[in-house]
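# Got a sequence here, can you model it:
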Amino acid sequence: MAINLAEKYSSQVDEVIRRGLLSTAGTNNDVEFGNAQTVKVYSLDTAPLNDYDPTAGMSRYGTPVELEDTVQTMQMSQQKSFTFTIDKTYESDSPEGVRNAGKALQRQIEQVIIPAIDTYRFSVLATKAGTKIEKVLSSGNAYSTFVEANTAITDEEFPVEGRVAFCSNSFIELLKQDGAFTKATELAQDRVIYKGMVGDCDGVAIIAVPKRRLPEDTAFIITHPMCAPAPVKLQDYKIHKDPPGIAGTLVEGLLYHDIFVFDKKKKAVAVCFDREPTEDDTTENG
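Okay, here's the model as predicted:
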């Protein structure tokens with residue numbers, strides 16, 4: 001997903017600069033929707049291993065079984081839009097640049113669109129995670145809890161290389177204070193490979209995420225980009241000058257996107273919630 005962001009703003013405008021899109025490192029573009037709203041993804045099952053029997057005639061390899069398949073339906077659901085006007089009279093009565101439509105659109109993208117995409121993606125990843133941990137975290141168990149979640153993924157035989165962890169800033173602070181955590185938490189600039197990356201833990205890239213973009217009580221989400229296709233079918237931003245009925249500028253935006261987790265790969269996603277465990281055992285499920 002490419003969004004070109006301006007680097008400078010008018011000094012007359014008090015801008016709130018927020019971080020850019022952070023979730024990209026944990027997603028992929030492997031599912032092509034084309035002109036369709038719904039895509040069905042087929043997965044073929046495997047056959048069991050048998051004991052080879054050279055005396056079994058035509059069944060030496062065992063009894064042949066027909067391979068079954070599973071179908072996952074992915075349907076695009078996130079159609080988000082916005083619109084606003086900048087009246088020509090208000091613009092003329094304001095300091096130069098304050099009511100600039102281009103800058104207003106840029107603020108909309110940075111402060112509304114980008115956080116909304118991240119928030120939705122992280123919510124889906126947390127909901128679909130194959131491993132869920134609920135634990136009251138502290139500087140004494142932050143590292144061991146992270147390793148526990150990461151090990152659960154490793155035990156499912158998913159690739160180690162390429163994993164990323166989206167962590168709340170409060171969890172990162174606990175991690176830094178954990179005496180068992182010996183790796184450097186600040187990386188040299190030439191080793192930073194993802195936007196928002198601040199270090200690594202147990203071989204997993206750590207990406208700091210503002211609390212408001214994560215689901216409630218979420219400390220971290222570990223995933224691999226192969227698990228979650230995140231299609232963006234449409235990004236359409238328009239600035240209309242003096243459209244019928246409006247003296248000034250009309251700005252419109254349309255974003256059509258979604259994220260899915262492959263059923264066969266959800267065990268490569270782990271989430272940890274910083275809270276008292278509920279009655280249900282959620283340490284590992286999926």
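# Going by residue numbers, what spans are helices in the stretch 51-200 of the chain?
With helices called from DSSP state H, counting those that start in this stretch, the stretch 51-200 of the chain shows them at 88-92, 101-108, 114-128, 142-155, 169-177.
# quick one: which of the ones you listed is nearest Phe82?
With C-beta to C-beta as the criterion, Phe82 lies closest to helix 101-108 of these, at 6.3 Å. All C-beta atoms are positioned from the backbone trio N, CA, C, and that covers glycine.
# where does the stretch 1-150 of the chain have low pLDDT?
Within the stretch 1-150 of the chain, the ranges that satisfy pLDDT under 70 run 1-19.
# which residues of it fall in strands?
For the stretch 1-150 of the chain, the strands defined by DSSP state E, counting those that start in this stretch occupy 38-44, 69-75, 78-87, 131-135.
# quick one: contacts for Phe146?
By C-beta atoms under 8 Å, 6 or more residues apart in numbering, the residues touching Phe146 are 165, 175, 201-202, 204, 220, 222, 272.
# From Ile133, how far out is it?
Phe146 is 10 Å from Ile133, where distance means C-beta to C-beta, to the nearest Å.
# Ok, Ser139 next?
According to C-beta to C-beta, Ser139 stands 17 Å off from Ile133.
# So between the two, which is more surrounded?
Ile133 (22 against 15; other C-beta atoms under 10 Å).
# For the more buried one, give the beta-bridge partners.
Cys272 (DSSP bridges).
# circling back: joint contacts of Phe146 and Ile133?
Cys272.
# can you count the residues close to the nearest residue to Lys135 once chain neighbours are set aside?
Spatially, and ignoring its direct neighbours in sequence, Lys135 is nearest to Thr145 (5.8 Å; C-beta to C-beta, 6 or more residues apart in numbering). Thr145 is flanked by 22 other residues according to other C-beta under 10 Å.
# Same question for Leu125.
The number of residues packed near Leu125 is 28, by other C-beta under 10 Å.
# Same check on Ala104?
Neighbour number of Ala104 under other C-beta under 10 Å is 16.
# my read: it touches Thr83, true?
No: using C-beta atoms under 8 Å, Ala104 is not in contact with Thr83, being 11.6 Å away.
# what is in contact with those two at once?
Residues touching both Ala104 and Thr83 (C-beta under 8 Å, 6+ apart) are Val251.
# contacting residues around stretch 171-179?
Applying C-beta under 8 Å, 6+ apart, the set of residues contacting stretch 171-179 is 137-143, 146, 167, 181, 185, 198-199, 201, 206, 208, 219-220, 272, 274.
# nope, stretch 48-66 is what I meant
Contacts of stretch 48-66 (C-beta under 8 Å, 6+ apart): Ala47.
# What is the end-to-end distance of it?
Terminal residues of stretch 48-66 lie 11 Å apart, using C-alpha to C-alpha, to the nearest Å.
# so what's Ser168 scoring on pLDDT?
Ser168 is assigned a pLDDT of 97 by the prediction.
# next one: Asp258
For Asp258, the predicted pLDDT is 96.
# was I right about it contacting Gln79?
No: with contact defined as C-beta under 8 Å, Asp258 does not count as touching Gln79 (9.4 Å).
# Which one's more surrounded, those two?
The neighbour comparison of Asp258 against Gln79 (other C-beta under 10 Å) goes to Asp258, with 21 against 13.
# Could you check stretch 106-121 and say which residues are buried?
Neighbour-count burial for stretch 106-121 flags 106-110, 113-121 (criterion: 16 or more other C-beta atoms under 10 Å).
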